[in-house]
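[1] Sequence and predicted structure below; questions after.
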Amino acid sequence: MSRMRFIFALLILTWFSQGASASATGAPPTASTDRWWDSAVFYEIWPRSFLDTDGDGIGDFRGIETQLPYLKSLGVNAIWLTPIFNSPSYHGYDFTDFFQVQPDFGTQRDLSRLLQAAHTQGFHVIADMVINHVSNRHPWFQKSEQLQSPYADYFAWKSQAEIESVGWSQPWAAPGQSTWRNVWHVSEARLARHRQLYPSMAERDRPVYYYGVFGGSQPDLNFENPLVLGDIHAASRYWLEQGFDGFRLDAARYIFEDVTPVGVIQADSPRTIKFWQDFGRFVKGVNPDAYLVAEIWQTDEKIAQYYGAGGGLDAAFDFSFGNELVLGLAGKFIDQDKGPIFSVLPKPASLGGSIAATIHARSSSSAPGSFFASFLSNHDQLRISKQLGDDPGLLRVAASVLLTMPGTPYIYYGEEIGMRQPTFPDPADFYDDIFKRPPMLWSNGPNAGFTSGPQVWVDDAKWVPWRPHHQPWWQDFLQSIRQADAATSVDIQAAEPSSLFNYYRKLIAIRQARPELRANDKGSLEFLPGNGVVAMYRRVDQSGHSSIVVINPTAESHEVALGQNGCLFDLLSDVSVSCDTVVVAPYQTMILAVGGQSLPVTPCNN
């Protein structure tokens, strides 16, 4: 890179970091006093599987726009769109262009219409932003392979001699289960070009290996190059100005690798944490009300580092939450990656104990409760229905915990109707992500109302080249779940008052109506004595609003002592109950309003 270009890049970067175009008058933008995400209930949409409007078997932007009234009726008020930018893969986590949308989903105009309609109807929308890596088909990488300026060092290139001097491996792998060849990948194109330019260089000294922590098809960007950061800032600014309200930050742990005298730090390095603090300041300079939530698949203690004493990101997903919840409900820890499907941990598990573990981990960290985003499952995990054995009672209990806990809650599309995923005898099939992302079940009509076309995308083997024997499975799966339970679709559940869908609707409505259920400070949840089975906790806020949550996670009724005076009103059943003792039915949740708001007066049910 020439000296003049380097200086120019630094000037551009400084201009971006100061949010130069945030205000036409030159006045810095200011944030609103309320953080909208503190009152948000997010809905994660996998666009390819949500709704197809043109009959090609692939969900699209118009399908999402069409179903905004559905999301409004559910009660959610924020949407997370998983990757929508141009990519060669079905999952989209490997961009080939940061400024173009995935053509399978529609056009830029279709996306603009969706964002405008969403905002008009009261939704905030965030996009999945993947900046740790790109596709190896990205023009930047192809030019870097050819040593073309200025892209030659847009990626980290090293020689075999350099790599072998440091202990590289996959940062999530157990010791001895990974080598440097899992993260450093040779480029035959760059090797050929290098031989042309430097014919006398020793082969081991040629910098023809590129770093890709997620594999050779996804090379990591080199953020030590200021031009890379400038391009990423430009893309982020562009999409914020197009109307997105923030970003979900994929693979946030892996931006920088820090080589130290004792080894290499490949995840959660000090430079990575600082990078996100700087990125957050840049984004807030463009839109002070923009929201940044990170994927940091780690313990709450490590996740909290990214809060940065309030100078870092707005939130991070709490992966421990779902694990602890399933342990408490099913008595099993669900292995999401490899090995046995279920591993029973050698410790007693209860619902109350699992919730306590989550609250303790959060409160012991350096971040406030509002920093932790709760979810039951997401697109990388077994669906919560699979983890809980498709048990309808446990699915209600899981929803109750999710929507009465501190932290911003996220619902993975279809969870509100208990959407399932198929079971196959081969563990490789069991864990393949395509089975976690099936088409949405809108009706009991052909293809569940997802498409008017003859087939759906999940049956097309071209999307899963790593599965050489992939066969169509959607129709058989759809038929099997309909035989097991006729009430599998949105239209049927919406019409049934006692359905899981309507249970979610009521929980969300109660959460939005009761500020104590949205309270996020570390004192907003207080555990109450239960009977060892039923979980009980009080939710409070600083204005005196208070509710007691009582959850029975079993198939038997239980009597518990509340120890209150008079009667309490159960917001879920709309009746008053005795404050002395109550009988909690199988899988029942009570949300008992204590004070702070006027409530209906009904006779106590003793």
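    It's in. Numbers count the residues shown, from 1 in each chain.
[2] So which residues of the stretch 251-400 of the chain form helices?
    270-286, 300-303, 319-330, 351-363, 384-387, 392-402 (DSSP state H, counting those that start in this stretch).
[3] how about those in TSV, adding mean neighbour count, distance to Y254 and mean pLDDT?
    To be clear about C-beta, it is placed using only N, CA and C from the backbone, and glycine gets the same treatment. Converted to TSV, the helices of the stretch 251-400 of the chain look like this (neighbours: other CB atoms under 10 Å; distance: least, CB to CB, whole Å; pLDDT from 0 to 100):
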stretch	mean neighbour count	distance to Y254	mean pLDDT
helix 270-286	18	7	97
helix 300-303	21	13	92
helix 319-330	23	16	90
helix 351-363	21	23	90
helix 384-387	24	26	93
helix 392-402	22	28	97
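[4] now for those, which one comes closest to N531?
    helix 351-363 (9.7 Å; CB to CB).
[5] export that closest one as PDB, just CAs?
    Provided in PDB are the C-alpha atoms of helix 351-363 (Å, rounded to 0.1, in the frame of the first residue of the first chain):
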ATOM      1  CA  LEU A 351     -36.500 -25.400  37.200                       C
ATOM      2  CA  GLY A 352     -35.800 -23.100  40.200                       C
ATOM      3  CA  GLY A 353     -32.200 -24.100  40.300                       C
ATOM      4  CA  SER A 354     -31.700 -23.500  36.600                       C
ATOM      5  CA  ILE A 355     -33.300 -20.000  36.800                       C
ATOM      6  CA  ALA A 356     -31.100 -19.300  39.900                       C
ATOM      7  CA  ALA A 357     -28.000 -20.400  38.000                       C
ATOM      8  CA  THR A 358     -28.800 -17.900  35.200                       C
ATOM      9  CA  ILE A 359     -29.500 -15.000  37.500                       C
ATOM     10  CA  HIS A 360     -26.400 -15.800  39.600                       C
ATOM     11  CA  ALA A 361     -24.200 -15.900  36.500                       C
ATOM     12  CA  ARG A 362     -25.500 -12.600  35.200                       C
ATOM     13  CA  SER A 363     -25.500 -10.800  38.500                       C
END
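[6] quick one: that helix to chain centroid distance?
    Remark: helix 351-363 is offset 20 Å from the chain centroid, using CA atoms, centre = their mean, to the nearest Å.
[7] Can you name every helix or strand that that helix contacts?
    helix 300-303, helix 319-330, helix 392-402, strand 525-527, strand 535-540 (3 or more CB pairs under 8 Å, 6 or more residues apart in numbering; DSSP states H and E).
[8] pretty sure V560 is in a strand, no?
    Yes - residue state for V560 (DSSP: H, G, I helix; E, B strand; the rest coil) corresponds to a strand.
[9] Identify the bridge partners of the nearest residue to V594 once chain neighbours are set aside.
    Nearest residue to V594, sequence neighbours excluded (CB to CB, 6 or more residues apart in numbering): S546, at 4.0 Å. Beta-bridge pairing of S546 under DSSP bridges involves V540, G595.
[10] any idea how far S546 is from N565?
    To N565, S546 is 13 Å away according to CB to CB, to the nearest Å.
[11] Domain-wise, how is this structure divided?
    Domain ranges of the chain: 13-132+224-494, 151-211, 523-605, per automatic domain parsing.
[12] about what we covered before: between S546 and N565, who's got more neighbours?
    Taking neighbours as other CB atoms under 10 Å, S546 and N565 compare with S546 leading, 19 against 8.
[13] Touching, the more buried one and E526? I think so.
    No - at 9.4 Å, S546 does not count as touching E526 under the criterion of CB atoms under 8 Å.
[14] Need the overlap of contacts for these two.
    Common neighbours of S546 and E526, counting by CB atoms under 8 Å, 6 or more residues apart in numbering, are 538, 540.
[15] what helix or strand is G167 on?
    Using DSSP states H and E, no element contains G167; it sits outside every helix and strand.
[16] Now do the closest residue to it other than its chain neighbours against G328, distance only.
    The shortest distance from G167 to any non-neighbouring residue, by CB to CB, 6+ apart, is to G263 (5.3 Å). Per CB to CB, G263 is found 37 Å from G328.
[17] Need phi/psi at A117.
    The phi and psi values for A117, taken as degrees, to the nearest 10, are phi -60, psi -40.
[18] Residue numbering should commence at 18 henceforth.
    Sure, I'll start numbering at 18, so the last one becomes A134.
[19] related to what we said a few turns ago, now tabulate the helices of the stretch 268-417 of the chain in CSV and tack on distance to F586.
    Output for the helices of the stretch 268-417 of the chain, formatted as CSV (distance: least, CB to CB, whole Å):
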stretch, distance to F586
helix 287-303, 41
helix 317-320, 34
helix 336-347, 27
helix 368-380, 23
helix 401-404, 29
helix 409-419, 17
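[20] nearest to G327, of those helices?
    Ranking the helices of the stretch 268-417 of the chain by their distance to G327 (criterion: CB to CB) puts helix 287-303 first, at 10.1 Å.
[21] Summarise which helices and strands the closest one is packed against.
    helix 20-34, helix 243-259, strand 263-266, strand 308-311.
[22] mind redoing it with 6 Å?
    Helices and strands touching helix 287-303, by 3 or more CB pairs under 6 Å, 6 or more residues apart in numbering; DSSP states H and E, are helix 243-259.
[23] where exactly do the strands run in the stretch 368-517 of the chain?
    389-392, 426-429 (DSSP state E, counting those that start in this stretch).
[24] Would you reformat the ones you listed as TSV and include mean pLDDT and distance to S161?
    Shown next, in TSV, are these (pLDDT from 0 to 100; distance: least, CB to CB, whole Å):
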stretch	mean pLDDT	distance to S161
strand 389-392	97	35
strand 426-429	98	36
